[in-house]
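Undergrad: show me the folded form of this:
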Amino acid sequence: MTKYHSDIEVTTPTITPIPSHECRKAIMGVHDAMYILGGKWKIHLIAALLFGPKRYSDLLRDIKGISGKVLSRELKEMEVNHLVKRTVNSTQPITVTYELTKYGESTKTIIAVLAQWGEAQREVIAKEEL
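TA: Residues are numbered from 1 along each chain as shown. Below you'll find the model as predicted:
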């Protein structure tokens with residue numbers, strides 16, 4: 001659709017209405033995903049674990065700003081939601097490792113897109129500061 005206002009041509013896209021049940025379904029999908037992935041640290045933890053199993057101390061070191069108490073809570077929640085598998089190794093001393101489950105690995109595409117978007121935004125901001 002094209003409208004003219006004085007000498008300026010303005011083109012507005014034609015929007016195809018989506019049935020409200022489809023919209024609600026999409027919103028619920030986002031709601032469900034954010035319920036499982038939401039919070040300040042879960043995506044950071046998934047991103048770290050995409051590189052392979054890690055011990056608690058490795059995660060605490062790799063993820064800047066997270067406290068031990070919060071890390072424990074987040075890992076427990078992720079274990080309950082089947083994103084992370086906790087393995088107690090019978091070494092001396094006993095060590096615990098965390099790794100993504102197959103379900104947790106299914107977030108790899110989401111994390112990759114977020115990482116690419118974040119890198120692009122960092123470049124945009126760096127150019128604006130110059």
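Undergrad: can you give me the distance of Ile27 to His21?
TA: Counting by CB to CB, to the nearest Å, the separation of Ile27 from His21 is 11 Å. Using the backbone N, CA and C atoms, a C-beta is placed for each residue, glycine as well.
Undergrad: again with Val80
TA: 31 Å.
Undergrad: and if you look at Val96?
TA: Distance, Val96 to His21, using CB to CB: 45 Å.
Undergrad: could you find the closest non-adjacent residue to Gly52?
TA: Glu99 (7.2 Å; CB to CB, 6 or more residues apart in numbering).
Undergrad: return the set of buried residues in the helix or strand harbouring the one you found.
TA: Using DSSP states H and E, the element containing Glu99 is strand 95-100. By 16 or more other CB atoms under 10 Å, the buried positions in strand 95-100 come out as 97-98, 100.
Undergrad: which residues does that strand contact?
TA: Applying CB atoms under 8 Å, 6 or more residues apart in numbering, the contact partners of strand 95-100 are 46, 49-50, 52-56, 59, 75, 83-89, 107.
Undergrad: what pLDDT is listed against Ala126?
TA: Here, the pLDDT recorded for Ala126 equals 86.
Undergrad: contacting residues around Lys42?
TA: Contacts of Lys42 by CB under 8 Å, 6+ apart are 36, 74, 77-78, 83.
Undergrad: no, scratch that, I was asking about Ile94
TA: Ile94 is in contact with Val88, counting by CB under 8 Å, 6+ apart.
Undergrad: and it, how far from Tyr56?
TA: Separation of Ile94 from Tyr56 (CB to CB): 12 Å.
Undergrad: mind saving the C-alpha coords of the longest helix along the chain as PDB?
TA: If you go by DSSP state H, the chain has its longest helix at helix 108-129. Extracted in PDB, the C-alpha atoms of helix 108-129 (Å, rounded to 0.1, in the frame of the first residue of the first chain):
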ATOM      1  CA  LYS A 108      23.000 -25.200  21.000                       C
ATOM      2  CA  THR A 109      21.400 -23.500  18.100                       C
ATOM      3  CA  ILE A 110      19.700 -20.900  20.300                       C
ATOM      4  CA  ILE A 111      23.000 -20.200  22.100                       C
ATOM      5  CA  ALA A 112      24.900 -19.900  18.800                       C
ATOM      6  CA  VAL A 113      22.400 -17.300  17.500                       C
ATOM      7  CA  LEU A 114      22.500 -15.300  20.700                       C
ATOM      8  CA  ALA A 115      26.300 -15.400  20.600                       C
ATOM      9  CA  GLN A 116      26.400 -14.200  17.000                       C
ATOM     10  CA  TRP A 117      23.900 -11.400  17.800                       C
ATOM     11  CA  GLY A 118      25.900 -10.400  20.800                       C
ATOM     12  CA  GLU A 119      29.200 -10.200  18.900                       C
ATOM     13  CA  ALA A 120      27.500  -8.100  16.100                       C
ATOM     14  CA  GLN A 121      26.100  -5.700  18.700                       C
ATOM     15  CA  ARG A 122      29.500  -5.400  20.400                       C
ATOM     16  CA  GLU A 123      30.900  -4.300  17.000                       C
ATOM     17  CA  VAL A 124      28.100  -1.800  16.400                       C
ATOM     18  CA  ILE A 125      28.600  -0.300  19.900                       C
ATOM     19  CA  ALA A 126      32.400  -0.200  19.300                       C
ATOM     20  CA  LYS A 127      31.900   1.700  16.000                       C
ATOM     21  CA  GLU A 128      29.600   4.200  17.700                       C
ATOM     22  CA  GLU A 129      32.100   5.000  20.400                       C
END
